[in-house]
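Asks: sharing a sequence plus its predicted fold:
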Amino acid sequence: HRILQKYIEAPLLVRRRKVDIRQWVLVRSTQPLQVYFFKECLIRFAGARWHLHPQNICDPQIHLCNHTLQCQLTSYNGGDGLEGDQNMWSSEKMIQYLEEETAWGGYVWEDRVVPAMKDITMRIMSAAARRAMTPREGSFELFGMDFMLDADLRVWLCEVNESPDLRPRTPAKAAACGRMLDGLIQILLDSPATSGQTTAPIPEIDEMTGFQDDEKEESTDIGGWELLDDYWYTSNRMPITQKKARPKSSRPISSRSRPVSAAIRDKELAQLSSAPQGILKNGQRIMSAFRGDRS
């Protein structure tokens, strides 16, 4: 299974660098489909400041956020205030950055980014369960899903990795992995997946309003993992075409978080379009959707 991807010419830049999101997803059962989504994720930075230029279109230090790859590059360094974080943030620190240094505000993470990642996760896992996953009783699979954000905060899936690397290479990863594994073990031991039965409760509907009664609904959060069952998917799924997120108009955009200006972007795109065809082909990426991960 492969994903054909077009390069995102206008990615979201944080401290002038390209970032991606490593999100952990647990598939507890395929029949019925039980997908758990961990509440925390990791923000991974590229090793150098981003710019779109024909001479550097294939430079992995600029365009890729794979942490293992970045650490192997001889010119790799923190910089841009990322030295102590070793080029990796927790999702909590990303929310703080959005709130304090951008016009978006921290709320946009939970209101737009996370729901979009959940929606993509359920679409991918539902399709894989029908075509690629062999049902095995008493088994599970942990996936590392990698997402990217563009300058309008739209979410794009990069790849899905089997057996994601969990080595505590950075402070953010060490802390998040510990909490994630504690919750995963709790699910495996305390929440058995039985054929034809889901651990998610059926939400009660208010007869007067027709809406779900949040006070009567039991929590599906177990150790930081949220169960995305069929009810969540049909009730919360987003349209395939995501709308652009609008920043709060009352706050100025910080110079450090402002997207690349249209004039600069158009100039770089014009340079790129005049590059040899071979360079453009190398700029396109075809990745395995389900493979062992070393990031």
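Replies: Received, thanks. What you see is a predicted model; the values in this text were computed from it and never measured.
Asks: got a list of contacts for whatever helix or strand I185 lives in?
Replies: Using DSSP states H and E, I185 maps to helix 171-190. Helix 171-190 is contacted from outside by 24, 26, 28, 36, 38, 40-42, 85-86, 88-90, 93, 140, 142, 166-168, 222-225, using Cβ atoms under 8 Å, 6 or more residues apart in numbering. Backbone N, C-alpha and C define where each C-beta goes, glycine included.
Asks: go through those and flag which are in strands.
Replies: Within the contacts of helix 171-190, residues falling in strands by DSSP state E are 24, 26, 28, 36, 38, 40-42, 88-90, 142, 222, 225.
Asks: any idea which of those residues has the most stuff around it?
Replies: Y36 (27 neighbours; other Cβ atoms under 10 Å).
Asks: need the pLDDT of that residue.
Replies: Y36 carries a pLDDT score of 96 in this model.
Asks: what does P168 give?
Replies: Predicted confidence (pLDDT) for P168: 88.
Asks: can you count the residues close to the spatially closest residue to it that is not a sequence neighbour?
Replies: Using Cβ to Cβ, 6 or more residues apart in numbering and skipping residues adjacent in sequence, the residue nearest P168 is A174, 3.3 Å away. As a burial measure, A174 scores 12 neighbours (other Cβ under 10 Å).
Asks: okay but V35 is in contact with M122, surely?
Replies: Yes: assessed by Cβ atoms under 8 Å, V35 is found in contact with M122 at 6.3 Å.
Asks: what about these two, which has more around it?
Replies: More neighbours surround V35 than the other of V35 and M122, with 26 against 22 (other Cβ under 10 Å).
Asks: quick check: beta-bridge partners of that one?
Replies: V27, L228 (DSSP bridges).
Asks: average pLDDT across the one helix or strand Q96 maps to?
Replies: Taking DSSP H and E as the criterion, Q96 maps to helix 91-101. Mean per-residue pLDDT for helix 91-101: 94.
Asks: and it, which residues are buried?
Replies: Within helix 91-101, the residues that count as buried by 16 or more other Cβ atoms under 10 Å are 91-92, 94-95, 97-98.
Asks: for A10, see how far away the residue nearest to C71 when sequence neighbours are not counted is.
Replies: Distances taken as Cβ to Cβ, 6+ apart put R169 closest to C71, at 7.6 Å, once the chain neighbours are dropped. Here R169 is placed at a distance of 29 Å from A10 (Cβ to Cβ, to the nearest Å).
Asks: check what pLDDT T134 gets.
Replies: As predicted, T134 sits at a pLDDT of 78.
Asks: the one 10 residues further on too?
Replies: On pLDDT, G144 comes in at 96.
Asks: check which residues of the helix or strand where it lies are buried.
Replies: Using DSSP H and E, G144 sits in strand 141-149. Buried residues in strand 141-149, defined by neighbour count with 16+ other Cβ under 10 Å: 141-149.
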